[in-house]
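K.L.:
any chance you could fold what I've pasted below:
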Amino acid sequence: MARFDCWTNPIAEDRGTFPAVMEIQSDLLHAFVERVVVPLAHPDAIPGMTDRFNSLIQIGAKSYRFHPLGIAVFHRRDLREHLSNARGQALGVDTALDMLLRGY
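P.N.:
Next up is the predicted model:
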């Protein structure tokens, strides 16, 4: 498991809106069993999403919106179906997290 790994959302009831989650914690914390994740939403799922705060994340042929207000923690055993690693999209993710945590 690594930062920017994307997984099928372990909460089946939420997959209609948030089909996937992205791990955002530092790789230095790999020894802990908890994983901090942000849900990835269908692009039109939530009105008012912006490019800066809800960056577009490409996983294969599908696009999702990063939704940092939905930040959550899962046990690593709950993250079962690995989809991709979005490290190439780190700038958009880090920009959204900066906006969430620092306001810019």
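
K.L.:
secondary structure element for the spatially most central residue of the chain?
P.N.:
Centrality entry for the chain: nearest residue to the mean C-alpha point is Met22, 2.8 Å, by CA atoms, centre = their mean. Take DSSP states H and E as the rule and Met22 turns out to sit in strand 20-23.

K.L.:
what's that strand packed up against?
P.N.:
Judged by 3 or more CB pairs under 8 Å, 6 or more residues apart in numbering; DSSP states H and E, strand 20-23 is in contact with strand 5-8, strand 34-41. Backbone N, C-alpha and C define where each C-beta goes, glycine included.

K.L.:
direction included, what does the first one pair against?
P.N.:
Partner strands for strand 5-8, per DSSP bridges, with pairing direction: strand 20-23 (antiparallel), strand 82-85 (antiparallel).

K.L.:
got the contact list for the spatially closest residue to Leu83 that is not a sequence neighbour?
P.N.:
The spatial neighbour of Leu83 that comes closest, neighbours along the chain excluded (CB to CB, 6 or more residues apart in numbering), is Cys6 at 4.5 Å. Residues counted as contacts of Cys6 (CB atoms under 8 Å, 6 or more residues apart in numbering) are 20-23, 40, 57, 59, 82-86.

K.L.:
restricted to buried residues, select these in ChimeraX.
P.N.:
What follows is the ChimeraX syntax selecting those of those that are buried according to 16 or more other CB atoms under 10 Å:
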select :20,21,22,23,40,57,59,83,84,86
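
K.L.:
now, the most widely separated pair of the contacts of Cys6?
P.N.:
Pairwise distances among those were taken by CB to CB; the largest, 14.8 Å, belongs to Ile57 and His82.
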